[in-house]
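Trainee: how does the following fold in three dimensions:
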Amino acid sequence: MPVKTLRSSTSSGRRKAAELPSYGDLAVAWIEANVVHGEGDLFGQPFRCTEDQRRFLQRLLRYDPKTGRLVVRRAVLGRAKGWGKTEFIAAVVLFFLAGPLAPTAPNIPVAAASFEQADLLFGTARVMVSEGPLKPFLEVYDTEILMKGGPGRTFRVAAAAGTNDGGRPTVFAADELHEWTGSKARVFLVISNSIAKRRDGLVLVISTAGSDESVLLKGLYDYGRQVEAGEVDDPGFLLDWAEPPIELNPHDGPDVRREMALAANPHAEQFGTLEFIERRWHEIPEHEWLRYFANRWVSIADESWLPGGLATWEACRRHGVKVDTSRPFVAAMDMALKHDTAALRTVQAQGDVVVTESTIWTPNGDVLDVAAIEREILRLHRTGNLTECAYDPAYFERSAQALLDEGVNMVEFPQSPQRMVPACGQAYEAIVAGRVVHDDDTMAAGQVAAAAPKASGEGWRLSKGRAKHKIDSAIALVMAIDRVLAPAPVAMASSVMFVGG
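Mentor: The predicted structure follows:
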């Protein structure tokens, strides 16, 4: 337990950072002696720092030999998915709470963009305490860990709550900062600014690369590059970012993708994840693979969610393919109140493929012909084989109730990230694998190709992008595919039915 208090400082004269001594070995020794792994294959076993983690701690904990005070006041650690960032930051937080560098009355907010991620990070720290040598010295609660016999705590913060309660933090640990967009960025700035209230303050960020929406993280990243290049003199700022050289192209084959993954995550081979990373290249959008597994910044606002855009959707075209309404099928409806189109997708599993058709309504001025939409759904219902019609209750509740009264099996499908993220991923994999076929008209095909991926804390989902394209047919497609491939799917037809030439 801590017996020594040190104070941090940004003052190091003009001595090169690499020449400064470090408390890194002290931190490694303390963590490995006092911290255990959280949930997972190594649950309860002593935490062992990897070489990459040791090297980072050496850089983070450089100190001025004249004063013994830490030099770094703001640090950004950037690594690809699978590096073990969440567990590592939890171990570092416990070091600053109860280790030999802990100040008097340590106050450490542990933060993430969402409640789920904050719970994951804080829950990891909680398990590390309750299952290891630190248990006699710390009191563990749902949202905070307290020092026994004196002041000091670490506690959970979720930027989604919009809180500005940073108190007087000694360390502010922020996880996956690429997700701190919009109003969440304000929370980070408020708590970071409160670091000035304690002379021992440290802002510690751990994240994967983001997109052009990750303004907060990108600003820190760019600033760090300027410091590295000598354009800005700020020894108190540390950017420790791993990414592959820009000339490496993942389309050049699995060996290049392996090289990129290892450059962004030195643990990939050690943790045995290279095979998984290669498999994901074939399963998720390219921009997501680059961001998650190559730790490379991406711009996705105006990019189609499909690799190759319209060409990929056109490759799924089978002229004359139809949903066979004499057999079970599902439908999905997407619409807004005004200034937008509305789209109905029917989808049917036929053999080893999924067949889909689209109907689109355009508004007359600002008004959609909702009665016509209801009549079309009723027509499909009267075939006797429409098993369900999925809809977002935000804009279709009145019509859904009317259709339900007519006997249509209306199924709510809120377009929340929790529902749309996995649905978008499932639709993407099916389309890229060639398991979805269609004979869309120009408008429907254009709406599918125009949809852009939008990153969120839960993953990516479809958006209109900056160009604000109409994408209702794409949204309905994702919903319908999700329903037809649900755990209890509708009956499958034995073959694809082609109508026409």
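
Trainee: going forward, measure contacts and count neighbours with C-alpha atoms only.
Mentor: Will do.

Trainee: can you list the helices and strands that the lowest-mean-pLDDT helix or strand in the chain packs against?
Mentor: None of the helices or strands of the chain scores lower by mean pLDDT, DSSP states H and E than strand 452-456, at a mean of 81. Judged by 3 or more C-alpha pairs under 8 Å, 6 or more residues apart in numbering; DSSP states H and E, strand 452-456 is in contact with strand 459-463.

Trainee: can you tell me the strand partners of the strand it packs on and which way each runs?
Mentor: strand 452-456 (antiparallel) (DSSP bridges).

Trainee: distance check, residue 282 against residue 433.
Mentor: Per C-alpha to C-alpha, to the nearest Å, residue 282 is found 9 Å from residue 433.

Trainee: so which strand or helix has the nearest residue to residue 120 once chain neighbours are set aside?
Mentor: With sequence-adjacent residues excluded and distances taken as C-alpha to C-alpha, 6 or more residues apart in numbering, residue 120 is closest to residue 86, at 7.9 Å. Following DSSP states H and E, one finds residue 86 within helix 85-98.

Trainee: following that helix, which helix or strand comes up?
Mentor: From helix 85-98 onward toward the C-terminus, using DSSP H and E, the following helix or strand is strand 107-112.

Trainee: now the angle between helix 85-98 and that next one, please.
Mentor: If you take axes from the mean of the first three to the mean of the last three C-alpha atoms, to 10 degrees, strand 107-112 sits at 170 degrees to helix 85-98.

Trainee: name the helices or strands packed onto strand 107-112?
Mentor: helix 85-98, helix 115-130, strand 153-158, strand 171-175.

Trainee: need the winner for burial among those.
Mentor: Ranked by mean neighbour count, the helices and strands packed on strand 107-112 are led by strand 171-175 with a mean of 26 (mean count of other C-alpha atoms under 10 Å).

Trainee: tilt between the next helix or strand along the chain from it and strand 107-112?
Mentor: Scanning forward in sequence from strand 171-175 by DSSP H and E, the next helix or strand is helix 184-193. Using the same axes, to 10 degrees, the direction of helix 184-193 lies 160 degrees away from that of strand 107-112.

Trainee: how far off strand 153-158 does helix 184-193 point, in degrees?
Mentor: 160 degrees.

Trainee: who's in contact with residue 284?
Mentor: By C-alpha atoms under 8 Å, 6 or more residues apart in numbering, residue 284 lies in contact with 425, 428-429.

Trainee: meant to ask about residue 484, not that
Mentor: By C-alpha under 8 Å, 6+ apart, the residues touching residue 484 are 329-330, 347-349, 490.

Trainee: and the furthest pair within those?
Mentor: 347 and 490 (10.3 Å; C-alpha to C-alpha).

Trainee: look at those two and report which has more neighbours.
Mentor: The neighbour count for residue 347 versus residue 490, taken as other C-alpha atoms under 10 Å, is higher for residue 347 (32 against 20).

Trainee: quick one: secondary structure of that one?
Mentor: Put simply, residue 347 is strand when judged by DSSP: H, G, I helix; E, B strand; the rest coil.

Trainee: and for the one 10 residues further on?
Mentor: Classification of residue 357 using three-state DSSP returns strand.

Trainee: got it, and residue 277?
Mentor: Going by three-state DSSP: residue 277 is helix.

Trainee: list the contacts for the residue lying closest to it once chain neighbours are set aside?
Mentor: Using C-alpha to C-alpha, 6+ apart and skipping residues adjacent in sequence, the residue nearest residue 277 is residue 293, 6.9 Å away. In this structure, residue 293 makes contact with 80-81, 261, 264-265, 277, judged by C-alpha under 8 Å, 6+ apart.

Trainee: against which helices or strands is the helix or strand residue 377 falls within packed?
Mentor: According to DSSP H and E, residue 377 maps onto helix 370-381. Packing partners of helix 370-381 (3+ C-alpha pairs under 8 Å, 6+ apart): helix 393-405.

Trainee: any idea how far the very next helix or strand once past the helix it packs on is from the chain center?
Mentor: Sequence-wise, the next helix or strand downstream of helix 393-405 (DSSP H and E) is strand 410-412. Put simply, strand 410-412 sits 28 Å off its chain's centre (C-alpha atoms, centre = their mean, to the nearest Å).

Trainee: neighbouring strands - and their directions - for strand 410-412?
Mentor: strand 386-391 (parallel).

Trainee: got a list of contacts for the partner strand?
Mentor: Residues contacting strand 386-391 (C-alpha under 8 Å, 6+ apart): 325, 328-334, 380, 400, 408-414, 479-480, 483, 490.

Trainee: got it, and stretch 255-269?
Mentor: Contacts of stretch 255-269 (C-alpha under 8 Å, 6+ apart): 52, 79-83, 242-245, 248-251, 274, 277-278, 293-295.

Trainee: pretty sure residue 421 is in a helix, no?
Mentor: Yes: according to three-state DSSP, residue 421 belongs to a helix.

Trainee: pLDDT at it, what is it?
Mentor: pLDDT, residue 421: 92.

Trainee: with adjacent residues omitted, what lies nearest to it?
Mentor: residue 461 (5.0 Å).

Trainee: which residues sit in contact with the one you found?
Mentor: 417, 420-421, 424-425, 453-455.

Trainee: how about 10 Å then?
Mentor: Going by C-alpha atoms under 10 Å, 6 or more residues apart in numbering, residue 461 touches 305, 415-425, 451-455, 475, 478.

Trainee: what does residue 278 give?
Mentor: Residue 278 is in contact with 253-255, 257-258, 261, 289, 293, counting by C-alpha under 10 Å, 6+ apart.

Trainee: which residues of the stretch 401-501 of the chain score low on pLDDT?
Mentor: 457, 466-467, 487-501 (pLDDT under 70).

Trainee: now do the chain
Mentor: For the chain, the ranges with pLDDT under 70 are 1-18, 160-167, 196-197, 300-303, 337-339, 457, 466-467, 487-501.

Trainee: outline the domain layout of it.
Mentor: 17-241, 250-293, 310-484 (automatic domain parsing).

Trainee: turn the ones you listed into TSV, columns for distance to residue 299.
Mentor: Below are those laid out as TSV (distance: least, C-alpha to C-alpha, whole Å):
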stretch	distance to residue 299
domain 17-241	5
domain 250-293	8
domain 310-484	10
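
Trainee: in this structure residue 171 contacts residue 105, no?
Mentor: No: counting by C-alpha atoms under 10 Å, residue 105 is not a contact partner of residue 171; they are 11.3 Å apart.

Trainee: what is in contact with the two at once?
Mentor: Contacts common to residue 171 and residue 105, judged by C-alpha under 10 Å, 6+ apart, are residue 97.

Trainee: what is the end-to-end distance of stretch 241-259?
Mentor: Stretch 241-259 has its terminal residues 16 Å apart, counting by C-alpha to C-alpha.

Trainee: buried ones in it?
Mentor: 241-244, 250, 257-259 (16 or more other C-alpha atoms under 10 Å).

Trainee: now these in CSV, with secondary structure and distance to residue 439?
Mentor: Below are these laid out as CSV (DSSP: H, G, I helix; E, B strand; the rest coil; distance: C-alpha to C-alpha, whole Å):
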residue, secondary structure, distance to residue 439
241, strand, 46
242, coil, 44
243, coil, 41
244, coil, 41
250, helix, 32
257, helix, 35
258, helix, 38
259, helix, 40
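
Trainee: hmm, which two among these are most spread apart?
Mentor: By the measure C-alpha to C-alpha, 241 and 250 form the most distant pair in those, at 19.5 Å.

Trainee: just the buried residues of the contacts of strand 386-391.
Mentor: The neighbour count (16+ other C-alpha under 10 Å) marks 325, 328-334, 380, 400, 408-413, 479-480, 483, 490 as buried among the contacts of strand 386-391.

Trainee: if anything else comes up later, I'll come back, but that's it for now.
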